Each structure stands twice: as C-alpha cells, then as structure tokens.
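> generate a structure from the sequence data that follows.
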Amino acid sequence: MAHIDAGKTTTTERILYYTGRIHKLGEVNDGSATMDWMEQEQERGITITSAATSCLWQKNREDYSVNIIDTPGHVDFTFEVERSLRVLDGAVMVLCGVAGVQPQTETVWRQAKRYQVPTIAFVNKMDRVGADFRHVITTLEEQLQIQPVAIQIPIGAEDRFEGVVDLITMQAYYFDEAGYGVDFECRKLSGDLEAEANLARAELLDQLSLHDDELTEKLLEETEPDIEEIISVLRRETLSGSITPVLCGSAFKNKGVQQLMDAVVDFLPSPLDIPPVIGMHPVTEKEVSRNASVDDPLCVLAFKVATDPFAGQMNFVRVYSGKFESGKSVFNPRKKKFERIGNLVKLHANKREEVNQLLAGDIGAAVGMDLVTGDTLCPKESQLVLEKTQFPEPVMDLAIEPKTKPDQEKLHESLTRLMQEDPSFRSKVDTETGQMVISGMGELHLEIMVDRLQREFKVDCKAGKPRVAYRESITQTAHSDARFDRLLDGKEQNVSCGLKIEPLEGGQGFVFENILSKANLPEECAIAVEQGIQDSLGNGMLAGFPIIDLKATLVSADFEEDQSSPLAFSIAAGTAFQQGVRNAAPELLEPSMDLEIVLPLQYTGDVIGDLNARRGRVRGLEERSGLQVISGEVPLSEMFGYSTQLRSLTQGRASFTMQFNHYIPVTDATRATLTGEQSSYVEA
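Just a heads-up that it's a prediction; the model follows:
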C-alpha cells in the first residue's frame with residue numbers, strides 16, 4: 001500500500017521474480033508488469049484494480065506461502081485498498097525515498113489502523129536524486145505519529161546507492177545490478193560504514209528496550225543481545241502495532257527486495273498470529289468468534305466481485321476458518337439460503353490455477369457463485385456475519401447515454417455488473433431529465449468506467465462532462481405531522497405520524513430513532529416509517545440532491561388496527577419528512593477537497609494566486625527536497641481541468657493530489673444556479 005508512484009507494482013514484480021513465480025521481469029513504464037494486467041493500467045502506467053497472487057519464499061530452509069495483493073495508489077481507487085486491508089493480516093507500506101510521507105500514504109495508514117493491520121515500511125527509490133532515508137523516517141514520526149524503527153541503513157544514496165546494512169545481523173549486502181539483483185554479496189562492516197551502523201544499531205536497541213525489560217537489563221549490563229531475541233521483540237511489537245520496522249532499497253534497481261521478503265516472514269503475522277475473527281450471529285445478534293484453524297466451523301468472506309469474460313462472475317474470498325471445498329453447499333445468511341460452491345481457484349493477477357479446496361488463511365476466488373461484496377459464508381448450524389466494509393460516497397457525476405436502442409439494454413446490464421464489482425460506483429436515472437447518471441470518486445474513476453463500458457462490455461455510448469455530486473442538509477430543528485386517510489387496496493386507511501428533524505455534524509449520514517413503545521406502534525409499522533423516510537432522502541427539497549447529515553425521530557403516531565397498514569405509515573412518514581425538511585432551513589452542500597501541490601519554488605506565487613481565484617484556502621507551505629509543497633482545501637466544482645492549468649502555470653513541472661474531505665455550503669451564486677432562484681447577488 002502506498003501513495004501513487006511510490007513503487008508498489010515494481011516491488012511486487014521483483015518479489016514474483018525472486019520467488020520463481022515469473023521468469024521475466026516486466027516494467028510498469030512499458031506496460032509489461034504482471035500485476036497491471038488491465039489494458040487501462042498498461043496504457044496509463046498506474047494500478048487501477050487490486051491484483052492478487054501468491055508465492056513461496058524460502059528462509060532458513062523453510063518454505064513460507066505468502067499471499068500478496070498489489071493495491072492502487074490513486075485516490076480515486078482508495079476503496080480497493082480498503083477492501084484489501086479488510087482481509088489481509090499484514091501490510092508493506094512503500095514510501096518514496098525522496099518525498100517520504102505523501103497525502104495518500106496518510107490515507108492508507110489510517111485504513112490500516114482501522115483494521116488493526118500490522119505494518120512494515122519499505123523506503124523505495126533510494127537511487128533517486130534527493131533520496132534521504134533519515135528524512136523519510138522523520139516524516140513517518142511527524143506526519144503519521146508512529147514509532148518507526150530502522151532495521152536497515154542504506155549504503156550510499158542517489159547514484160552511489162550500492163546496498164543495505166542489516167542492523168540486526170550487522171551484515172552489509174551489496175547487489176549485482178547486471179543479474180537483476182538475484183545474486184548479492186555479504187560483506188563484513190569496516191571503516192566509516194561500520195561506525196555509522198554501530199550508531200544506528202545502538203539507536204535500534206535503545207528503541208526496543210522501551211518495550212522489553214529483559215533487553216533493557218542486558219543493555220544496562222552492556223551484554224550483547226542475541227539476534228533471535230531482537231527479532232522476537234521486533235515481531236511482538238510489530239504485531240501489537242506499537243512500532244513499525246523500516247527497511248530501504250530500490251525495487252527498480254533490484255536492490256533490497258529479498259531482505260524485504262525476509263522481513264515479511266520475520267515480522268508480519270501469519271493467520272495463526274492474528275486474534276480470532278469476530279462476527280455476529282444473524283438471529284441472536286450475539287458475538288461469535290472463529291480461530292484460524294481447519295477444525296473450526298467454516299467462515300469465508302467475499303471481499304471483491306470481478307467479471308471474467310470467460311468464466312462469468314468471480315468472487316475473491318478470504319477463508320478465515322474451516323475448509324472451503326468445491327462442489328459442497330454453504331449457507332449465505334444475507335440470502336438466508338444455501339449456495340453451491342463453484343470452481344475454486346488460486347489467483348496470479350489475471351491467471352487462475354484450479355484447486356479443490358481453500359483452507360483457513362487462504363485467499364482465492366470462487367467462480368460462478370452469485371455473491372456481493374461483504375457476503376459471509378458459513379454452515380447453517382453455526383452462523384455468523386462479519387462486519388461489512390465501509391465504502392466512501394461518490395463525489396462526482398457524469399451523464400451517459402447509449403448511441404443505439406440495442407446499446408440501451410446492454411448499458412443497464414453492464415452498469416449493474418460494474419456496480420457489483422465496485423461499491424463506490426453508482427448509477428441512476430435522473431427523474432427530471434431521464435438521463436442515465438453515473439457517480440464515482442473522481443474524473444479518472446469515471447473515465448476508466450466509461451472506457452471499460454466501451455472496450456470490455458462493447459457498449460457504444462457517449463459521456464457528458466463530469467459534474468459535482470451536490471448534497472442537501474438542514475440547519476435548524478423542525479417538527480412536522482402528516483396524516484394519510486384514504487383508500488389503499490380497497491381498505492380505508494387512517495394513520496398519522498409526527499417527526500422531529502434535527503441537523504447532525506458533517507459525515508454522520510442519516511440516523512433514525514423511534515421513541516414510541518411497541519404497544520403504541522407495532523414494529524413493522526415503525527420499520528415502514530423509517531423506510532418511508534429513507535425513500536425520501538434521495539430527493540432534496542431545494543434541487544433534488546440527496547439529503548445527508550440529519551436525524552429523524554418518530555415522536556407520535558395514530559394507529560388503529562383495522563385502518564393502519566405499514567404502507568400507509570410509509571407514505572405518511574415520507575410526507576411528514578418532506579414538510580419537516582422544508583421547515584428546517586435546508587441548505588445546499590458541495591464537496592470540499594484536500595489538495596497537495598508539489599512544485600518548483602519559483603512558481604509558488606502564480607499557483608497560490610490561481611488557487612485563491614478558485615475559492616481555495618492555503619493551509620500550509622513546506623519546503624521538501626528543494627521543492628515547494630502547498631497544502632490546502634478547495635471546492636471540487638472549481639477543480640475541473642485543473643491539471644491542464646497547473647501544467648500551463650509551471651511549464652509542466654508541478655504535480656497535485658486531491659481527495660475528498662467534507663461537504664461545505666455552496667455560494668449564493670451556485671445556489672441560485674442550481675435551484676433556479678432569482679439570484680440576490682450582483683455579478684462583477
């Protein structure tokens with residue numbers, strides 16, 4: 001996991017080569033990397049979809065099976081990192097040796113912490129001009145607030161980078177560039193390098209002594225600790241998340257990758273090291289746990305759905321416990337029915353290797369099963385449901401239309417399949433214009449989806465310009481009542497409900513509360529009230545945008561058994577909710593984005609001036625490796641075509657990254673445009 005262009009795919013390519021999984025090194029730049037198998041990835045030189053593989057690594061004459069998922073670094077595809085971290089036991093955070101911690105590094109670190117995934121850091125690109133190992137460690141401390149522990153130091157830097165020193169064994173590793181780094185030489189330390197390594201090792205032991213009393217005693221007695229003892233403390237503290245071991249190398253120049261794999265085996269958890277997976281019984285709602293053992297009842301999570309042109313639907317699965325065997329039946333609590341397990345495969349990017357079973361700890365795929373992302377599979381007699389992965393809300397819309405009538409049917413079918421694959425991608429029909437609107441995480445995300453529709457699904461369609469996904473919310477508390485008294489399905493209905501609508505803090509979504517007892521209102525009617533409100537959330541009162549960040553409380557209801565159906569309550573609740581929102585001073589919101597721009601110092605003034613013109617707000621300026629880093633926030637609506645403008649202002653020498661932060665109120669001018677109101681502002 002890493003920021004875009006830190007070297008994740010190149011590092012993975014070297015791992016596959018050194019483990020014998022591939023026999024020819026591919027490169028991201030020329031589109032031949034194994035894990036970037038999609039046409040769109042090869043053309044753009046970036047990772048778009050998480051690719052899974054497995055390999056065998058030998059250390060101390062023992063074989064270790066390692067599952068690897070190479071994740072994207074672009075912010076538009078952050079959901080791929082989210083669902084990969086959901087099922088992985090450990091992570092390698094790749095950092096650029098020049099830039100250190102970058103915006104997306106912070107995002108993936110937060111995701112790893114959310115799922116309590118132990119992490120080691122690999123400082124890549126030590127051969128680049130401006131590479132500084134110590135600076136990267138400082139950025140880890142300051143920006144991620146973690147305790148990085150350097151277990152290696154580089155030998156040289158930039159074009160003089162030759163290898164690494166292992167501070168645990170005090171060995172220097174020099175790599176042979178001509179042989180793709182397969183062969184490396186171990187040398188004894190001497191001279192200045194030995195002095196530097198001794199200082200770094202003393203610092204390493206000092207940091208570890210804070211976590212281990214026995215190690216502290218040995219250091220006070222000036223006794224040299226055993227290598228096994230140092231590795232044991234490092235492993236224990238890495239698994240607990242209190243420290244992050246830091247290694248270095250250059251994947252592109254084939255240096256340091258074998259030592260990284262040794263560190264994966266030494267410090268990251270096997271399935272036996274992680275706590276039992278916790279789920280909830282779907283009926284009793286009691287907590288249920290499963291150990292990583294083939295003897296425990298089966299527990300499988302479908303964490304990703306992909307469409308294969310030959311095999312149909314392919315479901316990526318992680319087996320937490322038990323045996324997942326082809327041809328047998330398994331229970332799906334979401335559907336409340338049994339599913340037959342189709343063909344099972346181990347994955348290697350877009351290639352598949354058929355197997356009869358997947359065991360506890362394995363990652364693979366089931367072909368031909370009708371699952372959705374987040375489905376748990378288990379035996380009926382010992383059910384559990386694992387926590388669902390939370391996916392970000394789309395921030396950008398795009399109108400799309402098929403060119404011919406036959407393409408219209410294909411478009412609907414293809415969009416359904418894409419939404420199955422990617423939970424952060426949505427599509428809907430605009431009720432006012434009748435247009436098909438797709439929503440995603442950014443311009444690149446939507447561009448890729450349209451490209452896939454045309455190439456993969458053979459849908460001849462054209463897309464409009466991207467537009468901002470506006471939202472609506474309320475600013476005041478309001479009360480409202482609504483009555484429904486008319487015939488429904490030939491029966492007289494007479495119900496009413498009273499709601500209290502109040503605003504919530506940004507990012508809290510929608511909350512429903514029912515303060516009535518079951519004696520006053522049956523549960524199925526209360527559920528119908530909530531459903532009626534949920535149905536109304538999609539169309540706001542100002543301009544028809546979805547409503548967010550509010551709480552609706554059901555405070556009163558008239559219920560008569562003969563004249564009250566759940567449907568009537570649903571209709572009354574929808575009406576009461578709409579009235580309440582109108583009375584609660586609704587407002588329009590737009591996405592505000594976190595922005596980071598890296599540029600040469602001489603262009604700083606021009607770029608800040610342009611940002612101010614876009615209603616942007618500069619939060620900080622920092623000099624990093626001779627470059628200026630501008631961080632700030634800016635409304636998304638002002639950022640269309642920004643990459644072209646930034647290139648123009650800086651002669652193509654600047655780059656920027658942008659990710660969603662929160663929603664902010666729109667300007668009076670934007671509100672007038674969106675609602676068609678007579679504007680109360682004077683145009684300059």
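> for the protein, which spans come out with low pLDDT?
30, 309-311, 431-433, 625, 677-684 (pLDDT under 70).
> now the helices for the stretch 101-250 of the chain?
For the stretch 101-250 of the chain, the helices defined by DSSP state H, counting those that start in this stretch cover 103-114, 133-144, 191-209, 213-220, 227-240.
> let's have those in JSON lines, adding mean neighbour count and distance to residue 301.
From N, CA and C alone the C-beta is placed, and that goes for glycine too. Compiled in JSON lines, these are given as follows (neighbours: other Cβ atoms under 10 Å; distance: least, Cβ to Cβ, whole Å):
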{"stretch": "helix 103-114", "mean neighbour count": "19", "distance to residue 301": "16"}
{"stretch": "helix 133-144", "mean neighbour count": "17", "distance to residue 301": "28"}
{"stretch": "helix 191-209", "mean neighbour count": "15", "distance to residue 301": "35"}
{"stretch": "helix 213-220", "mean neighbour count": "14", "distance to residue 301": "38"}
{"stretch": "helix 227-240", "mean neighbour count": "17", "distance to residue 301": "21"}
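> these: which one's closest to residue 447?
helix 103-114 (18.6 Å; Cβ to Cβ).
> on that earlier part again, which one of the helices of the stretch 101-250 of the chain lies nearest to residue 169?
Across the helices of the stretch 101-250 of the chain, residue 169 has its closest neighbour in helix 227-240 (6.0 Å, Cβ to Cβ).
> contacts for that closest one?
118-120, 149, 151, 168-169, 204-205, 208, 211-212, 214-215, 243-245, 266-269, 273 (Cβ atoms under 8 Å, 6 or more residues apart in numbering).
> just the strands in the stretch 301-450 of the chain please.
312-321, 323-325, 329-332, 337-340, 343-348, 351-355, 357-359, 363-367, 376-377, 385-386, 396-402, 426-429, 436-440 (DSSP state E, counting those that start in this stretch).
> the stretch 451-600 of the chain now?
461-468, 471-474, 478-484, 487-488, 491-492, 495-503, 510-514, 550-558, 586-600.
> and the strands in the stretch 1-150 of the chain, which stretches?
51-59, 62-70, 91-96, 119-124, 148-150.
> which residues does the nearest residue to residue 325 once chain neighbours are set aside contact?
Once flanking residues are discounted, residue 325 sits nearest to residue 357: 4.4 Å by Cβ to Cβ, 6 or more residues apart in numbering. Residue 357 sits next to 323, 324, 325, 326, 344 when contact means Cβ under 8 Å, 6+ apart.
> ok, and the most crowded of those residues?
Greatest neighbour count in the contacts of residue 357, by other Cβ atoms under 10 Å, goes to residue 324: 25 neighbours.
> that one and residue 300 touch, don't they?
Yes. Shown here, residue 324 and residue 300 form a contact pair, counting by Cβ atoms under 8 Å, at 5.4 Å.
> quick check: neighbours shared by those two?
With Cβ under 8 Å, 6+ apart, residue 324 and residue 300 have common neighbours 317, 330, 377.
> which one of these is nearest residue 513?
residue 377 (33.4 Å).
> burial count for residue 257?
For residue 257, using other Cβ under 10 Å, the count is 24.
> quick one: it from residue 13, how far?
9 Å (Cβ to Cβ, to the nearest Å).
> who touches both of these two?
residue 251.
> report the contact partners of the closest residue to residue 563 other than its chain neighbours.
Of all residues not flanking residue 563 in the chain, residue 494 sits nearest, at 4.4 Å (Cβ to Cβ, 6+ apart). With contact taken as Cβ under 8 Å, 6+ apart, residue 494 is in contact with 483, 484, 485, 558, 560, 563, 564.
> from those residues, which would you call buried?
484, 558, 564 (16 or more other Cβ atoms under 10 Å).
> I'd say the first one and residue 570 touch.
So the one you mean is residue 484. No. Here residue 484 does not reach residue 570: they are 9.1 Å apart, not a contact under Cβ under 8 Å.
> neighbours of residue 376, how many?
Residue 376, neighbours per other Cβ under 10 Å, totals 25.
> so what sits opposite it in the bridge?
residue 301 (DSSP bridges).
> do you know how far it is from residue 481?
Relative to residue 481, and taking Cβ to Cβ, residue 376 is found at 41 Å.
> cool, and residue 357?
For residue 357, the distance to residue 481 - Cβ to Cβ - is 59 Å.
> in a markdown table, list the buried ones among the contacts of residue 494 along with distance to residue 667.
Formatted as a markdown table, those follow (distance: Cβ to Cβ, whole Å):
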| residue | distance to residue 667 |
| --- | --- |
| 484 | 39 |
| 558 | 43 |
| 564 | 46 |
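> including distance to residue 366, could the strands of the stretch 451-600 of the chain go into TSV?
Formatted as TSV, the strands of the stretch 451-600 of the chain follow (distance: least, Cβ to Cβ, whole Å):
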stretch	distance to residue 366
strand 461-468	31
strand 471-474	37
strand 478-484	46
strand 487-488	44
strand 491-492	47
strand 495-503	44
strand 510-514	34
strand 550-558	40
strand 586-600	37
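> returning to what we had before: just the buried subset of the contacts of helix 227-240, please.
Buried among these by 16+ other Cβ under 10 Å: 118-120, 149, 151, 168, 204-205, 208, 211-212, 215, 243-245, 266-269.
> around residue 492, how many other residues sit close by?
Quick note: residue 492 (other Cβ under 10 Å) scores 11 neighbours.
> show me what it bridges to in the sheet.
residue 487.
> list the contacts of it.
Counted by Cβ under 8 Å, 6+ apart, residue 492 has contacts 485, 486, 563.
> give me the neighbour count for the residue nearest to the second one when sequence neighbours are not counted.
Right, the one you point to is residue 486. In space, and not counting its chain neighbours, residue 486 is closest to residue 493: 6.4 Å by Cβ to Cβ, 6+ apart. Neighbour count of residue 493, defined by other Cβ under 10 Å: 21.
> is it true that residue 493 touches residue 566?
No. Applying Cβ under 8 Å, one finds residue 493 not in contact with residue 566, separated by 10.7 Å.
> who's in contact with residue 555?
479, 498, 499, 500, 515, 516.
> and those residues, which is closest to residue 307?
residue 499 (42.1 Å).
> in the sheet, who's paired with that closest one?
Bridge pairing for residue 499 - DSSP bridges - gives residue 480, residue 554.
> need the contact list for it.
Residue 499 sits in contact with 479, 480, 481, 533, 552, 553, 554, 555, 573, 576, 577, 580, where contact means Cβ under 8 Å, 6+ apart.
> for the first one, which non-adjacent residue is closest in space?
It stands for residue 479. residue 500 (5.5 Å).
> can you give me the distance of the one you found to residue 539?
Relative to residue 539, and taking Cβ to Cβ, residue 500 is found at 21 Å.
> neighbour count winner among the two?
More crowded of residue 500 and residue 539, by other Cβ under 10 Å: residue 500, with 18 against 15.
> so which of the strands of the stretch 301-450 of the chain is nearest residue 527?
Here strand 385-386 is closest among the strands of the stretch 301-450 of the chain (Cβ to Cβ), at 19.2 Å.
> note down every partner strand of the closest one and its orientation.
strand 277-280 (antiparallel).
> the partner strand: how far from the chain's middle?
21 Å (Cα atoms, centre = their mean, to the nearest Å).
> buried ones in it?
For strand 277-280, a neighbour-count test (16+ other Cβ under 10 Å) marks 277, 279, 280 as buried.
> check contacts around the last one.
Counting by Cβ under 8 Å, 6+ apart, residue 280 makes contact with 286, 287, 288, 384, 385, 387.
> who wins on neighbours among these?
residue 384 (23 neighbours).
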